[in-house]
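Novice: sequence first, then the predicted structure, then my questions.
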Amino acid sequence: MSEEMPSPYRMVSDGGTEHRDVNDVVEEEWLEETTPFERVYEIIRTTYDPASAGEIADRARVSATTARKHLRTLESAGEVTTSQDGQTTCYRRSETAIVTEHAQSLLAELSPEEISSGIADMKAQIQEWREEYGVDSPEEFARELDVDDVDSDYGALLTEWQTTRRNLTLAQATLAIGEASNTGHLTDTDTDDEGDSDASIVV
Amino acid sequence: MTNDKTPSQHSQPVEQSEVFGPIDAGALREIRDLILEQEPLAETASLDDPLNPQTLSVELSDGVGAASTARIDIRWSLTENYAIHYTDDRHQNFRFDCHPKPDAPRRHFHPPPDAPSRPVEKSCIAVSETGLVTRAILQRWRYAYAHETFEGINDAENPP
């Protein structure tokens, strides 16, 4: 199976998908259903290690010029952050964007109380793993137990631990954003109605 | 994170490459939305826990062959590893995976009917972006569903 650039516009004589390679079929679908901007955005959303515009262009199946243009737009929108590797500008998803997106989806579904109690549960779970295995972190757990197969029980626990640690951090940030939004002080829009009790206090 | 015990910071990247990596909640939400948009037989697609998601589960209103319901469980990591497990009410299973596994290709397939941990085959899914892999999974499931058999499910090129 090659990783080369596909030829998405080749003729389909039988009108079906049965004879063609699954990878070509889905690539063609993706190109038909999305705009170049949507593809660049989709790629950068899961790009956590800095990557050049050329690398992102290859993955998004757009030209480097197009990728660069859209990446700059996304950078001004706070979605992307840049770093320099010599002469090359590298791009990755910004922490702000990760936290913001996660917070939005959590705050849409859960109350601050539910988030708080979830945070307590995650902390307790992590503490339980630390005590059970006598280690401080998932990395130490992996070293101590020599976890080398993801499909093993320890491999699954390692992933769960790393995931819980990340989601705990995201939930804590979400709670802070939720609190900040509720005060109305960030946008100064809520001071007339719900903010009555605070209105008299000059901050 | 406490690093005061063993100062082995330099060995970290090697260890990281051998593990699955933390689950990417954002990627799971994107995959969820794409599946609900693309797959008419998907009744629900939901994260196991909104606060601490580990798995996205898609409930299908029909299964392959004699099966009448099925579920696809999806895990996707920040390091672009994934594990995608089909199971149905006839106890038929297969898995398309992409992660380091000793003595196996990074992209591998756990064959039906029980998707054992070993032996595995090389996966026919060569694309790597979330949107492309999701589409490829739906395409392979559709192939098995339409033909009422798992025969050829891991062949990239299907015979007519």
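Specialist: That came through, no problem. Numbering: from 1, shown residues only, chains lettered A, B, ... in the order given.

Novice: all contacts plus neighbour counts: C-alpha atoms, from now on.
Specialist: OK.

Novice: quick one: buried residues of the helix or strand where A:Ile56 lies?
Specialist: Assigned by DSSP states H and E, A:Ile56 falls within helix A:53-60. Neighbour-count burial for helix A:53-60 flags A:Ala53, A:Gly54, A:Ile56, A:Ala57, A:Arg59, A:Ala60 (criterion: 16 or more other C-alpha atoms under 10 Å in any protein chain shown).

Novice: check which helices and strands it sits against.
Specialist: With contacts taken as 3 or more C-alpha pairs under 8 Å, 6 or more residues apart in numbering or on different chains; DSSP states H and E, helix A:53-60 sits against helix A:36-45, helix A:64-76, strand A:88-93.

Novice: contacts for stretch B:98-114?
Specialist: With contact meaning C-alpha atoms under 8 Å, 6 or more residues apart in numbering or on different chains, stretch B:98-114 is reached by A:148-151, B:17-20, B:81-83, B:91-97, B:116-126, B:150, B:154.

Novice: apply 7 Å and report the result again.
Specialist: A:149-150, B:18-20, B:81-83, B:92-97, B:116-117, B:120-123 (C-alpha atoms under 7 Å, 6 or more residues apart in numbering or on different chains).

Novice: quick one on the thing from earlier: which among the helices and strands packed on helix A:53-60 is found nearest to chain B?
Specialist: When the helices and strands packed on helix A:53-60 are compared by C-alpha to the nearest C-alpha, helix A:36-45 sits nearest chain B, at 7.2 Å.

Novice: tilt between the helix holding A:Ile56 and helix A:36-45?
Specialist: Orientation check (axes from the mean of the first three to the mean of the last three C-alpha atoms, to 10 degrees): helix A:53-60 against helix A:36-45 gives 110 degrees.

Novice: which of the buried residues of helix A:53-60 sits closest to chain B?
Specialist: A:Arg59 (7.6 Å).

Novice: ok so, going back, would JSON lines of the helices and strands packed on helix A:53-60 with mean pLDDT be doable?
Specialist: Formatted as JSON lines, the helices and strands packed on helix A:53-60 follow (pLDDT from 0 to 100):
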{"stretch": "helix A:36-45", "mean pLDDT": "98"}
{"stretch": "helix A:64-76", "mean pLDDT": "98"}
{"stretch": "strand A:88-93", "mean pLDDT": "98"}
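
Novice: now the helices: where do they sit in chain B?
Specialist: Taking DSSP state H, the helices of chain B run over residues B:12-17, B:25-38, B:130-147.

Novice: dump the residue contacts of A:Ala142.
Specialist: A:Ala142 touches A:Leu158, counting by C-alpha under 7 Å, 6+ apart.

Novice: in terms of helices and strands, where is it?
Specialist: Taking DSSP H and E as the definition, one finds A:Ala142 inside helix A:138-145.

Novice: any low-confidence regions in chain A?
Specialist: Across chain A, the ranges flagged by pLDDT under 70 are A:1-19, A:189-203.

Novice: for it, what lies in contact range of chain B?
Specialist: A:1, A:18-23, A:26-27, A:46, A:102, A:106, A:118, A:136-137, A:148-151, A:159-160, A:162-164, A:167, A:171 (C-alpha under 7 Å from any C-alpha of the partner chain).

Novice: show the buried residues in the residues you listed.
Specialist: A:21-23, A:26-27, A:46, A:102, A:106, A:118, A:136-137, A:148-151, A:159-160, A:162-164, A:167, A:171.

Novice: name the helices or strands packed onto whichever helix or strand A:Leu168 is part of?
Specialist: For A:Leu168, the element it lies in under DSSP H and E is helix A:153-183. The contact analysis (3 or more C-alpha pairs under 7 Å, 6 or more residues apart in numbering or on different chains; DSSP states H and E) places helix A:153-183 against helix A:95-109, helix A:112-133, helix A:138-145.

Novice: quick one: buried residues of it?
Specialist: Buried residues in helix A:153-183 (16+ other C-alpha under 10 Å): A:154-168, A:170-175, A:177-178, A:183.
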